[in-house]
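Q: Could you look at this predicted model? Sequence included:
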Amino acid sequence: MRFFKKHTLILTLLLAFSFLHNVALAQNFMEGGGGSMESTLDRVELNVLSKQDLVQSGDEAVFVVLMDIEDGWHLNANSPTLDYLIGVELSIEAGDFAMVSDIQYPKPIQYEFDFAGDELEVYEGKAPILLKMMTSGDLPPGEYQVSGELQLQACSDSVCLAPATADVEFTIQIGEETILSEHADRIDRLKEDGAFESFSSDGNQIEDMFSERGFLWAFAGLFLIGLALNLTPCVYPMMSVTVSLFSGNQNLNVGGRFKGALVYVLGIVSMYSLLGVFAAYTGSLFGSWLQSPVVLASIGLLLLLLSLSMFGLYELQPPAWLMQKMGKTQQIAGHAGLFLSGLLVGVFAAPCIGPPIIALLAFVGSQGSPLFGFFAFFVMALGLGIPYLILGTFSGTLQKLPQSGNWMIWVKKLFGVILIGVALFYIALALFPAYSFHVILLSVVVGGVYLGFLESSGGEKRSFKWLKRAVGIGALGIGLMMFQNLQKDSIEWEEYNPEKIEQALEDGVPVMIDFYADWCIPCLELDRRTFTDGAVIRETESFLRLKVDLTHFDSKEAEQLRRKYDIAGVPTILFLDVNGEEVTEARVVGFEAPERFLRRVAKADR
């Protein structure tokens with residue numbers, strides 16, 4: 001018993017001594033008297049470099065965060081190789097006056113640590129982070145402060161320090177014009193030397209093409225992407241206008257029609273390229289020039305006038321006396337008119353939006369070269385325009401076919417009816433956008449009745465008469481299906497409200513947000529085809545479903561939302577998880593059929 005008490009007393013004294021010793025060490029550390037705990041921030045020096053001393057309102061502000069890492073230490077890359085390591089990540093709170101347009105982290109190196117056994121992706125030495133912010137277009141001159149946080153974790157060959165977060169401040173000085181700073185050349189050299197790799201959740205398709213396949217194959221890819229845009233509904237007006245312009249050129253040979261069609265397509269390509277570069281460098285919404293009711297109504301009236309020529313009310317050519325006086329200048333004047341027509345039709349292509357277009361906008365905006373941007377959009381638009389080169393070349397050929405008699409009058413009127421339908425659609429978008437789909441339905445039904453049962457051309461041929469009846473009955477059938485589609489139930493949307501999102505997240509409800517515009521043809525396709533699908537309605541019932549109207553994209557409210565959610569075109573549908581974070585791989589840009597849309601929903605609902 002005495003032995004047990006003796007040993008218990010010794011053990012108690014040892015524990016007490018150990019406790020007092022640790023307290024003393026802790027006190028010594030707190031007072032800075034001889035001990036210190038290593039911090040990641042002790043191993044890295046941070047400096048912010050600005051490319052501009054002054055930034056014009058609406059221009060892009062460019063910064064570099066330079067991480068000067070101590071020798072023998074490394075920072076984990078933005079996407080660390082091992083899950084338990086913390087990568088470098090820059091978070092920005094830009095506010096209403098600026099939007100983060102791009103973040104590019106340093107290109108990592110492969111390094112093998114003693115504790116890991118495998119090569120890890122890390123940064124060492126002087127590692128730069130490139131930050132681009134698009135400023136709002138209506139900022140008054142002055143100084144604007146942007147706050148950010150930089151998450152870091154430093155490792156040596158033997159140990160990884162605890163991760164740390166450093167506050168980073170960026171100053172944007174708005175002036176009357178953009179003036180470069182003393183750091184501009186240094187930042188440009190970093191970009192030219194390939195010091196950065198673009199950051200995005202799933203990569204930039206266009207940038208990957210240029211970096212991995214080289215310029216020749218990348219531009220070939222852009223051409224094919226442009227060609228694929230002809231599978232989208234936004235090209236329907238372009239087809240009808242092209243046929244109406246060229247169907248009357250039956251007096252020209254194929255070579256002459258080809259030259260005219262080529263000039264016309266160059267007009268389309270030039271306009272599309274200019275508008276694409278403008279959107280990339282200003283941060284405006286691609287296709288937003290169609291927001292004005294005046295523009296929409298003007299396009300509708302112009303198409304209506306063009307349609308009248310298909311009914312023989314006038315010919316799309318100068319008077320004979322003027323053509324004789326013009327002589328050789330006639331061809332030049334005709335080509336000038338076709339080029340101007342192409343410029344107008346190029347505006348119709350604006351709503352042709354999709355993930356590749358968004359990727360190209362981001363890539364062009366990050367290159368800092370308007371000339372390169374114009375050429376990139378030019379190549380893509382050439383792909384878009386090739387079918388119209390073929391259509392323009394051979395539209396007048398039908399009237400040269402053997403035995404092309406009165407039935408060709410009916411064919412011209414068919415194109416005229418289509419053109420009238422497109423014209424009324426644009427006028428409806430300008431005056432009563434909610435009923436634009438009803439106008440299409442009315443055009444199909446009335447046009448079918450007129451062409452199938454009332455129009456008398458080619459009636460002397462019994463077979464052609466039956467063909468006309470078949471077209472009329474087919475149009476009535478299509479009209480019936482469109483009417484039934486109007487009666488279908490659709491997703492029940494709620495108007496966007498930040499408070500609704502906050503409440504949904506508190507309740508653990510994910511959010512689906514649809515950004516649309518009245519002038520957006522793919523938006524109408526989504527509403528009438530995808531959002532009326534029964535499976536889509538059922539699978540999205542677990543989401544709070546909100547709609548954001550970007551018809552007037554330049555309003556203050558619309559601009560704030562576009563910048564907040566990084567919206568470059570419509571339609572765009574994004575999904576927020578229960579933590580309020582966007583499920584980036586589920587984002588929808590452009591029209592998607594119900595089957596593909598459901599796959600997006602499944603990704604967001606995991």
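A: Structure's in. What do you need? Predicted model only: the values in this text are computed from it and were never measured.

Q: Show me how far stretch 478-494 is from its chain's centre.
A: 28 Å (CA atoms, centre = their mean, to the nearest Å).

Q: ok, now stretch 534-543?
A: The answer for stretch 534-543 is 25 Å, by CA atoms, centre = their mean.

Q: State the helix or strand in which L49 lies.
A: Per DSSP states H and E, L49 falls inside strand 44-50.

Q: residues in contact with that strand?
A: 61-70, 73, 75, 150, 152, 154, 166, 168-171, 181, 183, 186-187 (CB atoms under 8 Å, 6 or more residues apart in numbering). Placement of C-beta: from N, CA and C, glycine included.

Q: tell me what the next helix or strand after that strand is packed against?
A: Going down the chain from strand 44-50, the next helix or strand is strand 52-56, by DSSP H and E. Contact partners of strand 52-56 among helices and strands, from 3 or more CB pairs under 8 Å, 6 or more residues apart in numbering; DSSP states H and E: strand 60-69, strand 164-175, strand 179-180.

Q: neighbouring strands for strand 52-56, and are they parallel or not?
A: Strand 52-56 sits in its sheet next to strand 164-175 (parallel), strand 179-180 (antiparallel), going by DSSP bridges.

Q: I'd like the distance from the longest one to the chain centre, please.
A: When you say that, I think you mean strand 164-175. Mean-position distance between strand 164-175 and its chain equals 27 Å (CA atoms, centre = their mean).

Q: Kindly report the same for stretch 563-581.
A: 11 Å.

Q: just stretch 39-58 next, same as before
A: Distance, centroid of stretch 39-58 to centroid of chain: 28 Å (CA atoms, centre = their mean).

Q: ok, now stretch 171-185?
A: Worked out by CA atoms, centre = their mean, stretch 171-185 lies 28 Å from the chain centre.

Q: before we move on, what about stretch 448-458?
A: Taking mean C-alpha positions (CA atoms, centre = their mean), stretch 448-458 and its chain are 43 Å apart.

Q: next one: stretch 458-476
A: For stretch 458-476, the distance to the chain centre is 44 Å (CA atoms, centre = their mean).

Q: which of the residues in that stretch are buried?
A: G458, F464, K468, V471, G472, A475, L476 (16 or more other CB atoms under 10 Å).

Q: Next: stretch 588-597.
A: For stretch 588-597, by 16+ other CB under 10 Å, it's V588, V589, G590, F591, E592, P594, F597.

Q: Next: stretch 444-463.
A: Neighbour-count burial for stretch 444-463 [16+ other CB under 10 Å]: V444, V445, V446, G447, G448, L451, G452, E455, S457, G458.

Q: ditto for stretch 599-606
A: So, applying 16+ other CB under 10 Å, buried residues of stretch 599-606: R600, V601, A604, D605.

Q: Quick check: helices, which of these are part of them?
A: Applying DSSP state H to the buried residues of stretch 599-606, the entries found in helices are R600, V601, A604.

Q: can you pull out the strands in the stretch 1-150 of the chain?
A: Using DSSP state E, counting those that start in this stretch, the strands of the stretch 1-150 of the chain run over residues 44-50, 52-56, 60-69, 74-76, 89-93, 98-106, 109-112, 119-123, 126-135, 142-152.

Q: Pick the most deeply packed of these.
A: Most buried of the strands of the stretch 1-150 of the chain by mean neighbour count (mean count of other CB atoms under 10 Å) is strand 74-76; its value is a mean of 25.

Q: which helices and strands sit right next to that strand?
A: strand 119-123, strand 154-155.

Q: how about those strands in JSON lines, adding mean pLDDT and distance to Y272?
A: JSON lines is the format used below for the helices and strands packed on strand 74-76 (pLDDT from 0 to 100; distance: least, CB to CB, whole Å):
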{"stretch": "strand 119-123", "mean pLDDT": "87", "distance to Y272": "39"}
{"stretch": "strand 154-155", "mean pLDDT": "88", "distance to Y272": "49"}
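
Q: returning to that earlier point: who does the strand holding L49 pair with, and is each partner parallel or antiparallel?
A: As assigned by DSSP bridges, strand 44-50 forms pairs with strand 60-69 (antiparallel).

Q: Just the mean pLDDT for the strand it pairs with, thanks.
A: Average pLDDT, strand 60-69: 94.

Q: With just CA atoms, put it into PDB.
A: This file holds the C-alpha atoms of strand 60-69, laid out as PDB (Å, rounded to 0.1, in the frame of the first residue of the first chain):
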ATOM      1  CA  GLU A  60     -10.900  46.000 -68.600                       C
ATOM      2  CA  ALA A  61      -8.700  46.500 -65.600                       C
ATOM      3  CA  VAL A  62      -5.700  44.100 -65.500                       C
ATOM      4  CA  PHE A  63      -3.700  43.200 -62.400                       C
ATOM      5  CA  VAL A  64      -1.000  40.700 -61.500                       C
ATOM      6  CA  VAL A  65      -0.600  39.300 -58.000                       C
ATOM      7  CA  LEU A  66       3.100  38.400 -57.700                       C
ATOM      8  CA  MET A  67       3.800  35.600 -55.200                       C
ATOM      9  CA  ASP A  68       7.500  35.700 -54.300                       C
ATOM     10  CA  ILE A  69       8.100  32.300 -52.700                       C
END
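
Q: coming back round to it: what's the closest of the helices and strands packed on strand 52-56 to M134?
A: Nearest of the helices and strands packed on strand 52-56 to M134, taken as CB to CB: strand 60-69 at 5.3 Å.

Q: Could you check the angle the closest one makes with strand 119-123?
A: With axes from the mean of the first three to the mean of the last three CA atoms, to 10 degrees as the basis, strand 60-69 and strand 119-123 are set at 120 degrees to each other.

Q: how near is V583 to E592?
A: 15 Å (CB to CB, to the nearest Å).

Q: er, T81 actually
A: Distance from T81 to E592, by CB to CB: 34 Å.
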